[in-house]
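Novice: Quick one, fold the following:
(chains A and B)
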Amino acid sequence: GQQLNQSPQSMFIQEGEDVSMNCTSSSIFNTWLWYKQDPGEGPVLLIALYKAGELTSNGRLTAQFGITRKDSFLNISASIPSDVGIYFCAGGEGSQGNLIFGKGTKLSVKP
Amino acid sequence: SAVISQKPSRDICQRGTSLTIQCQVDSQVTMMFWYRQQPGQSLTLIATANQGSEATYESGFVIDKFPISRPNLTFSTLTVSNMSPEDSSIYLCSVDGGPGTDTQYFGPGTRLTVL
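Specialist: Okay, the predicted model is just below:
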């Protein structure tokens, strides 16, 4: 089946630094989603991307849907301690329900 | 986005027993899903809960082990049957973000520990 390669697996950064993470796939997706999961909570949707080449921002977060439809990245600018958590990418095939999740990027921010 | 609640939020159970997890949404949704997240792992889809018909299970998951109900457009249950320690996971329900979109919104999860 389809698989997503998400990297890096973990990041340790200083407060104020910018962060970048990405997901790649051998298959095409029609939707790319980015979620954040805090300990003991369910994933929260950060950004949804629906068109190849689309670049979308949500506050300090920016994500892009790769032009080949096989990749996406998420950038976080000027990180703060509350950015700590696990970030998941997910690819959708456009058939409602078939989301494939990456393995997650664990972000740690040092004050 | 919809507000989703799950009960219980966590439980510790003995092997061989069963636990039913409830998922309630504050608005009618077309699709509801159940995921499993094993410790330190990503999310794996168990099944799609269909209103008024049998759930659609993903490869590796069967109805006898994970029976699902969906009596209406705002509620679903997942039962983890005849539990073993390998069933210790977070179980998450999610709902679709609207017609024509792959977006899903997740509940807070149920953390299950099987002794």
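Novice: From here on, just use CA atoms for contacts and neighbour counts.
Specialist: Noted.
Novice: Just list the residues touching the closest residue to B:Glu86 other than its chain neighbours, thanks.
Specialist: Closest residue to B:Glu86 apart from its sequence neighbours, by C-alpha to C-alpha, 6 or more residues apart in numbering or on different chains: B:Val114 at 7.6 Å. Counting by C-alpha atoms under 8 Å, 6 or more residues apart in numbering or on different chains, B:Val114 makes contact with B:12-15, B:83-88.
Novice: Show me what the one helix or strand B:Cys93 maps to is packed up against.
Specialist: Per DSSP states H and E, B:Cys93 falls inside strand B:89-96. Judged by 3 or more C-alpha pairs under 8 Å, 6 or more residues apart in numbering or on different chains; DSSP states H and E, strand B:89-96 is in contact with strand B:32-37, strand B:104-106, strand B:110-114.
Novice: With mean pLDDT added, can I get those in CSV?
Specialist: Below are those laid out as CSV (pLDDT from 0 to 100):
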stretch, mean pLDDT
strand B:32-37, 96
strand B:104-106, 95
strand B:110-114, 97
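Novice: Okay, now the unreliable bits of the chain?
Specialist: Since no chain was named, I'll use chain A. A:1-2, A:95-97 (pLDDT under 70).
Novice: wrong one, I was asking about chain B
Specialist: Across chain B, nothing is flagged by pLDDT under 70.
Novice: which residues of it fall in helices?
Specialist: For chain B, helices defined by DSSP state H do not occur.
Novice: can you pull the contacts of the residue in it that chain A sits nearest to?
Specialist: Nearest to chain A, among the residues of chain B, is B:Pro108, at 4.2 Å (C-alpha to the nearest C-alpha). By C-alpha under 8 Å, 6+ apart, the contact set of B:Pro108 is A:40-43, B:4-6, B:9, B:92.
Novice: what's the neighbour count on residue 92?
Specialist: As the question left the chain open, I've gone with chain A. By the criterion of other C-alpha atoms under 10 Å in any protein chain shown, A:Gly92 has 22 neighbours.
Novice: let's do chain B instead
Specialist: Neighbours of B:Leu92 using other C-alpha under 10 Å come to 27.
Novice: Show me the beta-bridge partners of it.
Specialist: Beta-bridge partners for B:Leu92, by DSSP bridges, are B:Tyr35.
Novice: measure it to B:Thr74 for me?
Specialist: Separation of B:Leu92 from B:Thr74 (C-alpha to C-alpha, to the nearest Å) stands at 15 Å.
Novice: Within the helices and strands, which one has the residue nearest to A:Leu55 when sequence neighbours are not counted?
Specialist: Spatial nearest neighbour of A:Leu55, excluding adjacent residues (C-alpha to C-alpha, 6+ apart): A:Gln64 at 4.4 Å. For A:Gln64, the host element (DSSP H and E) is strand A:61-65.
Novice: Give me the packing partners of that strand, helices and strands only.
Specialist: Checking 3+ C-alpha pairs under 8 Å, 6+ apart, strand A:61-65 ends up next to strand A:44-49, strand A:55-58, strand A:71-76.
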